[in-house]
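Q: My questions concern the predicted model and sequence given below.
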Amino acid sequence: MTVMCDGRQASATLTAEEPPIAGELLTPGRAARELGLRGGEFELAAQLGELLTLPPDPEARPGPGGPWRRRRVPVEEVRRLRAQEGFPDTLRERLRTVGAAEAAELLGIGAGRFLRLARAGCFAPVRFYVNRYGAVVWLYLATELTECADREPELLRGDLPAVLRVMLDGGQDWRGRKWRSRRVARLMGEAADGWESAAVIAAVLPPEELASVVEDPLERSVLRRLRPTLALPGASPAAREAVERATTAEEFDEVLWYRVNLSRSLDRARHQQPAADRLRHPTRPGDTSPAGPGDAPFRIPASPTGPTMPTGSAAPATVSASVTATVPAPALPPPRPPVLAYTPRPTPRDS
């Protein structure tokens, strides 16, 4: 049985437990059994917004499963999904994930072309796992692939747009960046305050980059205490190394993006609650109500997860709108080695 990066697979059998009562809050495990979903499918459903999950009680003691396992699901959400036409097949179809080979077959293209499109950032993986050879295997949502094919049929036939060819010729691979962006966005949506938001962003930065942004050891201690689990660690040293590579930002512009947003999130966190107070009460966020016009709840803007042209190049006019729409609005400065302390690691071979 495969262990996914962000959820455990479990047997999908309908529950024989006592029916839940109205207003009851269910554990993730109980809700998954009520919906006939595996653990990984249930977590993916929550990630995609198929059902609502509520944060854990801040006064509750931390459990071995971490904050995610302590989240709760309103029973009304379970009843809503069970009442949908075609349940559970329609729900499972919306949650179906495919690897590269099955994705290529689904789109009616060769595996090589799909790999090039995925590396160029045309598709965003929803999860990954590390196989027995220590390679990262990315998985994609089947419904997103078919929607992309309907929206951008020209990407499946003929020559790739010039902007994508330049990226691929330069050895760029956006699959990890796309997955990190989705993962960060989800965890930011669950953050209870500025410190938790900052901890989410800090989790994808290399240690040396984090130390250069957060110079106060006390604040770094708070971020370590609140650090979320981006992916389950691998069972072997090779798997753990592969997971670390997949969960850590590497390219200059991505690292810079998270550095800037970490600084912004820290400013808000310091305004809400001093680091010393947050450290004394790791499960009790400070007051998150806005105190003024500049104190609106912080949410990280969309990260640069779409194709971008190298410095000095111009994107051709033939690139489709949906591809260029993912390019971040603010222009990033050209790469200058002295700006960042981080040296990118070699990219592993993956699927």
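A: Received it, and whenever you're ready, just let me know what you need.
Q: Show the subsequent helix or strand relative to the helix or strand where residue 243 lies.
A: Per DSSP states H and E, residue 243 falls inside helix 237-247. Note on helix 237-247: by DSSP H and E, the next helix or strand toward the C-terminus is helix 252-272.
Q: Quick check: next helix or strand after that next one?
A: Note on helix 252-272: by DSSP H and E, the next helix or strand toward the C-terminus is helix 275-280.
Q: any idea how far residue 272 is from residue 191?
A: 12 Å (Cβ to Cβ, to the nearest Å). The way it works is simple: take the backbone N, C-alpha and C, and place the C-beta from them, glycine included.
Q: Comparing the two, which residue is more hemmed in?
A: More crowded of residue 272 and residue 191, by other Cβ atoms under 10 Å: residue 191, with 24 against 21.
Q: need the contact list for that one.
A: 197, 199-200 (Cβ atoms under 8 Å, 6 or more residues apart in numbering).
Q: Out of those residues, which end up buried?
A: Buried members of the contacts of residue 191, counted by 16 or more other Cβ atoms under 10 Å: 197, 199-200.
Q: With pLDDT and secondary structure added, can I get the residues you listed in JSON lines?
A: Converted to JSON lines, those look like this (pLDDT from 0 to 100; DSSP: H, G, I helix; E, B strand; the rest coil):
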{"residue": "197", "pLDDT": "95", "secondary structure": "helix"}
{"residue": "199", "pLDDT": "96", "secondary structure": "helix"}
{"residue": "200", "pLDDT": "97", "secondary structure": "helix"}
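Q: ok, the contacts of residue 191 vs residue 139, which is closest?
A: Ranked by distance to residue 139 (Cβ to Cβ), the contacts of residue 191 are led by residue 200 at 21.8 Å.
Q: residues touching the closest residue to residue 201 other than its chain neighbours, list them.
A: Distance criterion Cβ to Cβ, 6 or more residues apart in numbering; nearest residue to residue 201, sequence neighbours excluded, is residue 262 at 4.5 Å. Counting by Cβ under 8 Å, 6+ apart, residue 262 makes contact with 198, 201-202, 205, 210, 213-214.
Q: just the strands in the chain please.
A: In the chain, the strands defined using DSSP state E lie at 25-26, 73-74, 97-98, 127-130, 136-141.
Q: where are the low-confidence patches of the protein?
A: Along the chain, segments meeting pLDDT under 70 span 1-22, 57-70, 282-351.
Q: at 80 what do you get?
A: 1-23, 39, 55-70, 281-351 (pLDDT under 80).
Q: out of the contacts of residue 191, who's nearest residue 164?
A: Taking Cβ to Cβ as the measure, residue 164 lies nearest residue 200 of the contacts of residue 191, at 29.8 Å.
Q: Just list the residues touching the residue nearest to the closest one when sequence neighbours are not counted, thanks.
A: Spatial nearest neighbour of residue 200, chain neighbours left out: residue 187 (4.4 Å); criterion: Cβ to Cβ, 6+ apart. Contact analysis of residue 187 by Cβ under 8 Å, 6+ apart lists 200, 203, 228, 230.
Q: Roughly how far does residue 187 sit from residue 77?
A: According to Cβ to Cβ, residue 187 stands 20 Å off from residue 77.
Q: do the same with residue 51
A: 4 Å.
Q: what do the two both touch?
A: Common neighbours of residue 51 and residue 77, counting by Cβ under 8 Å, 6+ apart, are residue 31.
Q: so who does the residue found closest to residue 41 once you drop the neighbours it is linked to in the chain touch?
A: Among residues not flanking residue 41 along the chain, residue 95 sits closest, at 5.1 Å (Cβ to Cβ, 6+ apart). Residues counted as contacts of residue 95 (Cβ under 8 Å, 6+ apart) are 37, 41, 44-45, 48, 50, 141.
Q: change it to 10 Å
A: Going by Cβ atoms under 10 Å, 6 or more residues apart in numbering, residue 95 touches 37-38, 40-45, 47-48, 50, 88, 126, 141-143.
Q: Mind checking which of those residues are buried?
A: The neighbour count (16+ other Cβ under 10 Å) marks 37-38, 40-45, 47-48, 50, 88, 126, 141-142 as buried among the contacts of residue 95.
Q: quick one: which of those residues is nearest residue 251?
A: Of the buried ones among the contacts of residue 95, the one sitting nearest to residue 251 (Cβ to Cβ) turns out to be residue 126, at 20.8 Å.
Q: these two touch, right, that closest one and residue 47?
A: Yes: judged on Cβ atoms under 10 Å, residue 126 makes contact with residue 47 at a distance of 7.3 Å.
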